[in-house]
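Enquirer: below is the sequence, then the predicted model.
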Amino acid sequence: MARFRGPKTKIARIYGEPIIGNPKYLNKNSNPPGQHGASRKRKQLSEYALQLREKQKAKYIYGVLERQFRKTFEEAVRLKGVTGENLIMLLESRLDNTVYRMGMSESRRGSRQLVSHKHVTVNGEVCNIPSYRLKPGDVVGIKAKTAANGHITTRVRGKDPKINWLEWNEKEMSGTYVAHPQRESVPENIKEQLIVELYSK
């Protein structure tokens, strides 16, 4: 599956939740996509279909392609602990996701663009790799030249208080990746066990 470039609301309507984009559009029309919308008779999904659907949902949320996602899963298997929780932890530790969590951008797509256009620094050095894996103690900030650009800095909304594994300093326009997140702290509605079952077949 290539990176999705189509309407975000269509994906949200498939899953019935605003996984990408603004939730207000889902409130306007929450019917599943298709010619007959909610009136269409839909078959009960098989076990495999449920597992595949959950994997696709995780890929849409984090903006990761199949090969990247598979490699991340294989790395999660090698780590100690629960594979599903390791998978979520590795996805959350990506640089583009952390930039989004710190509130430097309104979406993961926007944060990916900030990183790839060299506006973001890690420990004082410019890093333009969205998949860069952060370690506890890493400091993520906005480049000094970029910080002077009001068009970008006015979009910085700050960190959600519920995201307890990150710290954000509004004055310095930088934040610290304090620790790897626990699964219960990650707000995304992903049933990671279904993904583990799918890849274990």
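Expert: Nice, I can see it. Residues are numbered from 1 along each chain as shown.

Enquirer: pLDDT wise, what is R3 at?
Expert: Note for R3: predicted pLDDT of 68.

Enquirer: domain ranges for this protein?
Expert: 8-90+189-199, 98-179 (automatic domain parsing).

Enquirer: chain center to the last one, what's the gap?
Expert: So the one you mean is domain 98-179. Chain-centre distance of domain 98-179: 14 Å, with Cα atoms, centre = their mean, to the nearest Å.

Enquirer: what's the span of that domain from first residue to last?
Expert: Taking Cα to Cα, to the nearest Å, domain 98-179 runs 12 Å from one end to the other.

Enquirer: start the count at 19 instead of 1 going forward.
Expert: In the new count, where the first residue is 19, that last one comes out as domain 116-197.

Enquirer: give the buried residues for stretch 151-162.
Expert: For stretch 151-162, the buried set under the neighbour-count rule, 16 or more other Cβ atoms under 10 Å, comprises L152, D156, V157, V158, G159, I160, K161. In short, each C-beta sits where N, CA and C put it, glycine included.

Enquirer: could these go into CSV alongside distance to E110 and pLDDT?
Expert: Below are those laid out as CSV (distance: Cβ to Cβ, whole Å; pLDDT from 0 to 100):
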residue, distance to E110, pLDDT
L152, 9, 97
D156, 13, 97
V157, 17, 96
V158, 13, 96
G159, 19, 93
I160, 20, 92
K161, 23, 91
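
Enquirer: that older thread, pick out the shakiest of the domains of the chain, pLDDT-wise.
Expert: Looking at the domains of the chain, the bottom one is domain 26-108+207-217 with a mean of 84.

Enquirer: now do the helices in this protein.
Expert: For the chain, the helices defined by DSSP state H cover 26-33, 41-46, 65-80, 84-96, 101-110, 113-119, 126-134, 162-165, 168-171, 210-217.
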